[in-house]
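*Asks:* Quick one, what's the 3D model for this:
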Amino acid sequence: MEDSKIIELFFARNEDAIKHTDDAYGRRLYHLADNIVHNSQDAEESVSDTYLKAWDTIPPHKPQYFFAYIAKICRHFALDKLDWKKAAKRNAEVVSLTQEMELCIPDSEQERKLEGKELGNILDAFLRTLTPENRVVFMRRYWYVDTIAEIAARYGISESAVQMRLNRTRAKLCTYLEKEGIRV
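*Replies:* Numbering: from 1, shown residues only. Okay, here's the model as predicted:
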């Protein structure tokens, strides 16, 4: 079923909207959550919470990109679940990703000065400067939390090629942020 039809079901308050959302995107949402929490029950719970949140927020929201909308919700729930479960002990993969990106993200004082939306717009503009291949690899790693091995297998490239693309893209991001006046 097309996304627009699913959204119409949400607006009509038809519970089939959840079923059709699950049919269309359940596996992808589960994979996203499981990559973050590494626990099938927590991943399933994050997906279920996503459906409830979508039910509560559509309407009034009418997302233009339905999967992006629900993936953002799912990712948020999975990260919250990870924080709750791990408290001070962070998952090694998430810590690793954070450490990889911390050199490209502005410090907390600078970040407070920027509106979250403004930083998001800058990152969107940066992503548009990348080749489609590099953009996909970057997003798979830092948004979907795919492993290097998963990305390599998905796109038929070597793990070292994935790592090289990510290193170069992070360097480009640092340069781009500095050009935009954001101290890194």
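
*Asks:* Domain ranges for this protein, per the record?
*Replies:* 3-86, 92-179 (automatic domain parsing).

*Asks:* what is the mean pLDDT for the longest one?
*Replies:* Just to be clear, that refers to domain 92-179. Across domain 92-179, the average pLDDT comes to 82.

*Asks:* same deal with the shortest one?
*Replies:* pLDDT averaged over domain 3-86 equals 92, rounded to a whole number.

*Asks:* residues contacting the nearest residue to P59 once chain neighbours are set aside?
*Replies:* Spatial nearest neighbour of P59, excluding adjacent residues (C-beta to C-beta, 6 or more residues apart in numbering): F11 at 5.4 Å. All C-beta atoms are positioned from the backbone trio N, CA, C, and that covers glycine. Contacts for F11 (C-beta atoms under 8 Å, 6 or more residues apart in numbering) come out as I58, P59, K62.

*Asks:* Write a ChimeraX command that selects only the buried members of those.
*Replies:* Burial among those is assessed by 16 or more other C-beta atoms under 10 Å; the matching ChimeraX selection reads:
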select :58
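
*Asks:* Mark which of the contacts of F11 are part of strands, please.
*Replies:* Per DSSP state E, strands hold no members of the contacts of F11.

*Asks:* okay if I get the contacts of F11 as CSV plus distance to R75?
*Replies:* What follows is the contacts of F11, written out as CSV (distance: C-beta to C-beta, whole Å):
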residue, distance to R75
I58, 17
P59, 22
K62, 20
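
*Asks:* quick revisit: any idea which of the domains of the chain is most buried?
*Replies:* Greatest average neighbour count among the domains of the chain goes to domain 3-86 (a mean of 17), per mean count of other C-beta atoms under 10 Å.

*Asks:* measure the spatially most central residue of the chain to Y51 for me?
*Replies:* Nearest to the mean C-alpha position of the chain, counting by C-alpha atoms, centre = their mean, stands W143 at 3.1 Å. Distance, W143 to Y51, using C-beta to C-beta, to the nearest Å: 20 Å.

*Asks:* any idea how far K117 is from F138?
*Replies:* 20 Å.

*Asks:* ditto for R183
*Replies:* According to C-beta to C-beta, R183 stands 22 Å off from F138.

*Asks:* repeat for I6
*Replies:* For I6, the distance to F138 - C-beta to C-beta - is 28 Å.

*Asks:* Kindly report the same for D22.
*Replies:* 28 Å.

*Asks:* Next: A24.
*Replies:* 25 Å.

*Asks:* likewise D3?
*Replies:* For D3, the distance to F138 - C-beta to C-beta - is 24 Å.

*Asks:* what does D34 give?
*Replies:* D34 is 21 Å from F138, by C-beta to C-beta.

*Asks:* Now A12. Its backbone dihedrals?
*Replies:* Main-chain torsions, A12, degrees, to the nearest 10: phi -80, psi 0.

*Asks:* May I ask which helix or strand encompasses V145?
*Replies:* Per DSSP states H and E, V145 falls between elements, in no helix or strand.
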